[in-house]
Structure formats: C-alpha cells, structure tokens
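Enquirer: Have a look at this prediction, sequence included:
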Amino acid sequence: MAMEIQAPKGTKDMLPQDAYKWQYIESVFRDIAKTYGIREVRTPMFEHTDLFLRGVGDTTDIVQKEMYTFNDKGDRSITLKPEGTASVVRAFIENRLFNEAQPTKLYYITPAFRYENVQKGRLRQFHQCGLEVFGSKEPSMDAEVIAVAMDTLKKLGLKSLSLNINNLGCPNCRPKYNEALKKFLAENHDGLCDLCKTRFEKNPMRILDCKEKKCHEITKNAPIILDYMCEECDTHFTKVKEYLDMLEISYEIDPGIVRGLDYYTKTIFEILTSDFTVCGGGRYDKLIEELGGPDMPAVGFAIGIERLIMTLEKEGIEIPNENLFDLYIGARGEEGSKCAFKLASSLRTLGVKCETNHMGRSIKAEMKFANKLGAAFTTILGEDELTSKKVNLKRMSDGEIFEASLDNIEVIAKIVR
Ligand code: HAM
C-alpha cells in the first residue's frame, strides 16, 4: 500500500459531521452583522509581504516568527494572511471605498495562517469571523463594535464570557509612556530575551506582550499606559465605558493587555472564556494613513472560530443540526428503483432533502441505512405502489403512516418537510 499522507501540523479538516457547526456560527455572525448594516468583504488569501510588515508591525511575534512567507515564481515576496485587518484596509484603500459615505462597515470570514507552536486552540491555519469599521472616531463606535462581538458570542449561547478593555493611547501620549517604560526596563535590560532587547529601542511596548517567562517577570511591575493618557484618550476611554454601561455590557479594565499587533491606538479589548481569548480587537486610527490611504479612523475585532467551537463543546452548548434527509425512498425491483430515482429528483426541485438507493442494497438494508442517516420519513416504492399510484410515508419518530398520491408530489413534499 502507498504511504499515507497526513495533513500538515497545525491544520484541521472540517469534516461533514462538523460542517453544520461552522455553518451555524457563520450564519449567526452574518445575521447579526446585517442588523448593524455591516456588509461582507472577501480579500485574497495572500498579499504582498510588505503589507503585513507595515500593517501588523515588524516588531511583532507575527511578523518576526510566524508568517508563511515565500517568493512566488515571479520572485515577489508573498505572505499567507496571518490576520484579516491589514488586507481589509488594503482593499478599502485600493478600491477607494473612502470616497463613499462613511462609516464603511465590513465583515469577513477567513482562514488565517501563523507558524505558531501548536497547542490546544493554537493552530497554524485557523479561521476568523471579523469586522472592521472605517471612518468613525466616535467612542460609540468602539462600543458598537464590542457589542457585535458580544451579541454573536451570546447568541451562540456562551455565558461565562469576560470582556477586558484597555486604552493604548495615541501618537500624542504614547511617546511619553514609551519613555517611562524604557526607563523602567533599562534597569533590567540584561534579563530580557534577545528579541526583546531589539524591541527595547524600536517598540518597548511589545516587550509587555512577550511570551518568554523572564520578560513576563520583568514587566510585572512596569508602568501602565492608563497613567500616561492624554486628555483626548482619557475622554475617549471614559465615553467608551459609558456606552458599554448603556448597553449593559460588563467589562474589566485590564491595563496588562497590549495585543499582539502594532496598529492599535486608544481602545483595545479581548473577550475571554475559561480557556481562551476567543476574540480580540480595538481601534487603529493611524493604519489607513500608514498604508497609503487618507487620515481616517478605524475599529474592529476578530473571533477565532476553532476556539469558539471548542468552547461551545466544552460548555455543552448544542448547535442546532438539521436532518440530513427529510425522506428516504426505498425501492423494490427495477421499475420501483426507476420511479424512486425520478420521485427523488422531482421532490428535490420542491426543496425536499431526499435520498434513494444507489448501492444495490436490499430493502432491509436500505431501511437500516435510512435510519442511520436519520431520515425523518421513509417510503418504499414497489409494484403495488406503482399500480395504485399511492405511497405510504412513514414518520420515523413515531411510526405513523401518511398516505399520499404519487401524482401529487406537492402533497408528499408538504408531509415530509
Ligand atoms: P488576534 O488577537 O491576533 O487579532 O486574533 C483574533 C482571534 O483569532 C484570537 O482571539 C483567537 O481567537 C484567534 N486566533 C489567533 N491566533 C490563533 C491561532 N494560532 N490558532 C487559533 N486561533 C487563533 C487579530 O487577528 C486582529 N486582526 C483583530 C482585529 C480586527 N483588530 C482590529 N480589527
């Protein structure tokens, strides 16, 4: 036998028995997005590497360690998208969506790729449901974006969610904070990991997010940005909290969150379950301009779908699953099989989910199979049925029989659906 090939580490197949969970999550997210007037955007799976160097930031773990980057046959440096935001911003600028009435509200459901140390809830290809809103600097928009994430997670039935928020300041106040942070870190510079030593000059805030234990220890008592906010950031943060209070969304202020991407300004947030950060997001008022667009504010989030599914399973939350088939049509003899084949085809045009025998099974085996598939109704077409033009539709849940005419498939469809 030829050697079996396995999927690459950190990737997962979505199998048919789980597909309904993905479809349900996506439909809940899409439906909620609609209630906020958010429209879908799809961007390519890969982009020029430069987009992420400039967008995500060259001192982040994502850029320094985790990107799937390669040269294509035309010798261009290409990267599989490690997140959705930079691509959506690129598309917003490139397609001149900034010329339309603002705000622009876009959502996406996308795979993302990061070369991570694989562990529970940490994959190399994972999927995000995300949202980006461009054009509004109002704190009400930060709260609305958070509300979309909370609405989605709550609609799916998650109860024990914690929302943690922080404010990362802006180009006015961040430099002052960076100075204070550098002063603090300078005393422990030798104890930092090599990567953080390089981050010290360029982007000391990144050190706060380092996964290395020794860096984590050093930064425990570091100064916090909330003590260095300028008036504008302070007022913005106060208002975001007021709007969240209005929506009765409870939150904790966690000055320790800095997020793993460089583009954030002002509000940032994470939504945690007992095991994971399931959602992360925030405001990024400078990114559109930094990527060559106009000076326009933005805010968004992304939910990790795999982590979400793992949490739903852990919390025992059932995702509604439809019957695979409304009706299984068994057949006796060649004429019966032909009639079953034709009837299945006609019923499908009326939206009935049905199946018939393509495996040459005996009637007994067919009925066993129908039962296994969870068909809501079964019927058998044989000589008698063909002569009388009548079928018996058996409801599998209680065995009740419904008689219907083969000449009136609308009635059959109505009974079985
Ligand atoms: P992020 O925090 O890097 O933010 O990712 C968002 C979510 O994606 C995480 O909370 C997590 O649920 C999921 N996730 C991230 N990495 C992995 C992984 N390796 N395996 C499984 N799930 C993962 C962003 O990506 C930003 N673009 C969010 C954003 C949108 N900010 C503003 N707009």
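Expert: Perfect, thanks for sending it. No experiment lies behind these values; they were computed from the predicted model shown.

Enquirer: Could you tell me the model confidence score at the residue of the chain found nearest the ligand?
Expert: Nearest to the ligand in the chain, going by Cβ to the nearest ligand atom, is G304, at a distance of 2.2 Å. For the C-beta atoms, the positions are set from N, CA and C on the backbone; glycine is no exception. If you check G304, the pLDDT there is 98.

Enquirer: which residues pair with it across the strands?
Expert: Q128 (DSSP bridges).

Enquirer: mind listing what the nearest residue to M14 once chain neighbours are set aside touches?
Expert: Using Cβ to Cβ, 6 or more residues apart in numbering and skipping residues adjacent in sequence, the residue nearest M14 is W22, 6.0 Å away. Listed by Cβ atoms under 8 Å, 6 or more residues apart in numbering, the contact partners of W22 are M14, I305, I309.

Enquirer: residues contacting the residue of the chain closest to the ligand?
Expert: Neighbouring residues of G304 by Cβ under 8 Å, 6+ apart: G121, F126, H127, Q128, F276, T277, V278, C279.

Enquirer: gap between it and R114?
Expert: Using Cβ to Cβ, to the nearest Å, G304 is found at 11 Å from R114.

Enquirer: just to revisit the earlier point, nearest to D326, out of the contacts of W22: which one, please.
Expert: M14 (24.2 Å; Cβ to Cβ).

Enquirer: Give me the mean pLDDT for stretch 18-26.
Expert: Averaging pLDDT along stretch 18-26 gives 96.

Enquirer: Go through it and flag the buried ones.
Expert: By neighbour count on 16 or more other Cβ atoms under 10 Å, the buried set for stretch 18-26 is K21, W22, Y24, I25.

Enquirer: Could you find the closest non-adjacent residue to the first one?
Expert: The shortest distance from K21 to any non-neighbouring residue, by Cβ to Cβ, 6+ apart, is to I319 (4.8 Å).

Enquirer: And for the third one?
Expert: Spatially, and ignoring its direct neighbours in sequence, Y24 is nearest to I319 (4.9 Å; Cβ to Cβ, 6+ apart).

Enquirer: Quick check: pLDDT value at that neighbour.
Expert: The model reports I319 with a pLDDT of 92.

Enquirer: Same question for G282.
Expert: On pLDDT, G282 comes in at 98.

Enquirer: Correct me if wrong: it contacts G260.
Expert: No: if you go by Cβ atoms under 8 Å, G282 and G260 don't touch, sitting 11.3 Å apart.

Enquirer: Could you check which of those two is surrounded by more residues?
Expert: Using other Cβ atoms under 10 Å as the criterion, G282 and G260 rank with G282 on top: 27 against 18.

Enquirer: To what extent is the residue nearest to K21 buried, counted in neighbours?
Expert: Using other Cβ under 10 Å, I319 has 17 neighbouring residues.

Enquirer: Quick one: residues contacting it.
Expert: Y20, K21, Y24, I25, L156, L312.

Enquirer: One more: A370?
Expert: Shown in contact with A370 (Cβ under 8 Å, 6+ apart): F325, Y328, G330, E355, T378, M396.

Enquirer: quick one: which of these is most hemmed in?
Expert: That'd be Y328 among these, by other Cβ under 10 Å, with 28 neighbours.

Enquirer: the domain parsing of the protein - what is it?
Expert: 16-172+229-314, 174-226, 327-416 (automatic domain parsing).

Enquirer: ok, G336 touching E385?
Expert: Yes: G336 lies in contact with E385 (Cβ under 8 Å); the separation is 7.4 Å.

Enquirer: tell me which parts of the stretch 51-200 of the chain are close to the ligand?
Expert: E83, G84, T85, R114, E116, G121, R122, L123, F126, Q128, G130, E132 (Cβ under 6 Å from any ligand atom).

Enquirer: which stretch of helix or strand covers the fifth one?
Expert: So the one you mean is E116. Using DSSP states H and E, E116 maps to neither a helix nor a strand.

Enquirer: so how far is M67 from it?
Expert: As for E116, its distance to M67 is 11 Å (criterion: Cβ to Cβ).

Enquirer: what about the closest residue to P171 other than its chain neighbours, how many residues close to it?
Expert: Closest residue in space to P171, ignoring its immediate chain neighbours: K286 at 6.8 Å, by Cβ to Cβ, 6+ apart. When counting by other Cβ under 10 Å, one arrives at 18 neighbours for K286.

Enquirer: Now do the same contact list for K286.
Expert: Going by Cβ under 8 Å, 6+ apart, K286 touches P171, Y263, T265.

Enquirer: rewinding a little: among the contacts of A370, which are in strands?
Expert: Secondary structure defined by DSSP state E assigns Y328, G330, E355, T378 of the contacts of A370 to strands.

Enquirer: distance of S337 from G280?
Expert: Distance from S337 to G280, by Cβ to Cβ: 55 Å.

Enquirer: Show me which of the two is the more surrounded one.
Expert: Each of S337 and G280 has its neighbours counted (other Cβ under 10 Å); G280 has more, 25 against 19.

Enquirer: Using the three-state scheme, assign that one.
Expert: For G280, the reduced secondary structure class is strand; criterion used: DSSP: H, G, I helix; E, B strand; the rest coil.

Enquirer: If you tally nearby residues, what's the number for N117?
Expert: Counted with other Cβ under 10 Å, residues neighbouring N117 total 10.

Enquirer: Roughly how far does it sit from G10?
Expert: Taking Cβ to Cβ, one finds N117 at 9 Å from G10.

Enquirer: now check the helix ranked longest in the chain, is it near the ligand?
Expert: Ranked by residue count under DSSP state H, the longest helix found in the chain is helix 16-35. No: judged by Cβ under 6 Å from any ligand atom, helix 16-35 and the ligand are separated, with a smallest distance of 12.6 Å.

Enquirer: any idea how far E232 lies from I224?
Expert: 18 Å.

Enquirer: So which of the two has more stuff around it?
Expert: I224 (17 against 14).

Enquirer: Cool, thanks, signing off.
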